[in-house]
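K.L.:
pasting the sequence and the predicted model now:
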2 protein chains.
Amino acid sequence: MQDRLDRTFAALADPTRRAILARLAHGEATVAELQKPFSISQPAISKHLKVLEGAGLIERGQDRQARPRRLRLAAVDETSAWLDQLRSLWTDSFDRLDTLLRSPGTEAPHTQDRKG
Amino acid sequence: MQDRLDRTFAALADPTRRAILARLAHGEATVAELQKPFSISQPAISKHLKVLEGAGLIERGQDRQARPRRLRLAAVDETSAWLDQLRSLWTDSFDRLDTLLRSPGTEAPHTQDRKG
DNA sequence: AGGCTATATAGCCGATCGGTTATGCGCAAG
DNA sequence: CTTGCGCATAACCGATCGGCTATATAGCCT
């Protein structure tokens, strides 16, 4: 349950893998297609894909001899859900109000102004 | 610019560090306080805090000889922003409609039904 | 000053990561 | 049925990670 989050965040921590996800957001793609933008070997790409799949961020399809990958938005959602929850903990806690009032204006209030 | 995202996601990939963030969401805390829930050494905690600070997820305060940490929600926001952008790429792309129609019902449509 | 408290740094260790090359394996087509 | 394409796996490598112990620094408090 927690292990999954570990793997999702870890998978997202690599720029190559994020680029792959961005590419897959436009639609499914084969390994060869995914490799094109990069100057690394095909096995390296396969490894990245394995990590992404292990994190549940992508899934493998089958089309003739190709195995196209597609994005699993569910995993993306679960990940943002954790971040949202963290924000909730923050906004629900008034303890830190004291902290903010005494702090040297390090940051704006930032109570709920996201997504605007 | 990208390096920052790398570090943020990497920082979030560790359960201890996520727990620390969750704790800090309730208000600032000293190193000793943050260590309490865990059975690892104080230097290990300091290392985790260094990673979190390097990712911009927390900042160091000063209160007498203590250096309390507090959450930097801005970094959390930037991270969810990337995920949101990924979702936008997805929803803006109709290419994958074809993919979905031909897929063996692996997943529900999932067009915009998040946060419900 | 000298000691206590709070935290940071250094150096070590085994494990994991991200890359490589070499090779295997399934499928399609001549 | 062999050749070639698409992809996966294995084995190896240096670098980074997450933990440890030992030690250093910094700021109270006698």
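P.N.:
On my side now, so go ahead.

K.L.:
only C-alpha atoms from now on, for both contacts and neighbour counts.
P.N.:
OK.

K.L.:
what's the angle from the longest helix along chain A to helix B:73-92?
P.N.:
When chain A is parsed with DSSP state H, its longest helix is helix A:73-92. On the basis of axes from the mean of the first three to the mean of the last three C-alpha atoms, to 10 degrees, helix A:73-92 is oriented at 150 degrees to helix B:73-92.

K.L.:
number of residues surrounding the nearest residue to residue A:7 once chain neighbours are set aside?
P.N.:
Using C-alpha to C-alpha, 6 or more residues apart in numbering or on different chains and skipping the chain neighbours, the partner closest in space to residue A:7 is residue A:55 (5.0 Å). Neighbourhood size, residue A:55 [other C-alpha atoms under 10 Å in any protein chain shown]: 23.

K.L.:
residue numbers of chain A in contact with DNA strand C?
P.N.:
Residues of chain A found near DNA strand C (C-alpha under 7 Å from any atom of the strand) are A:10-11, A:13-14, A:16, A:39-45, A:48, A:64-65.

K.L.:
if you rank those by neighbours, which is first?
P.N.:
Going by other C-alpha under 10 Å, residue A:11 tops these with 26 neighbours.

K.L.:
can I take it that that one is in a strand?
P.N.:
No: applying DSSP: H, G, I helix; E, B strand; the rest coil, one finds residue A:11 to be helix, outside a strand.

K.L.:
residue ranges of the strands in chain A, please?
P.N.:
Using DSSP state E, the strands of chain A run over residues A:58-60, A:69-71.

K.L.:
hmm, back to that, now the longest helix of chain A: buried residues?
P.N.:
For helix A:73-92, a neighbour-count test (16 or more other C-alpha atoms under 10 Å in any protein chain shown) marks A:73, A:75-77, A:79-80, A:83-84, A:86-87, A:89-91 as buried.

K.L.:
before we move on, what about stretch A:20-31?
P.N.:
A:20-31.

K.L.:
just the closest of those residues to residue A:6, please.
P.N.:
Nearest to residue A:6 among those: residue A:21, at 17.4 Å, using C-alpha to C-alpha.

K.L.:
so who does the closest residue to the closest one other than its chain neighbours touch?
P.N.:
The shortest distance from residue A:21 to any residue other than its chain neighbours is 6.8 Å, reached at residue A:71 (C-alpha to C-alpha, 6+ apart). Residue A:71 is in contact with A:21, A:24-25, A:27-28, A:57-59, counting by C-alpha atoms under 8 Å, 6 or more residues apart in numbering or on different chains.

K.L.:
how about residue A:10?
P.N.:
Taking C-alpha under 8 Å, 6+ apart as the test, what residue A:10 contacts is B:9-10, B:12-13.

K.L.:
most neighbours per residue, which of the strands of chain A?
P.N.:
Across these, the average number of neighbours (mean count of other C-alpha atoms under 10 Å in any protein chain shown) peaks for strand A:69-71, which reaches a mean of 24.

K.L.:
that older thread, inside helices: which ones of the contacts of residue A:71?
P.N.:
Going by DSSP H, the helices hold A:21, A:24-25 from the contacts of residue A:71.

K.L.:
how about JSON lines for the residues you listed, with pLDDT added?
P.N.:
Listed next are those as JSON lines, based on pLDDT from 0 to 100:
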{"residue": "A:21", "pLDDT": "98"}
{"residue": "A:24", "pLDDT": "96"}
{"residue": "A:25", "pLDDT": "95"}
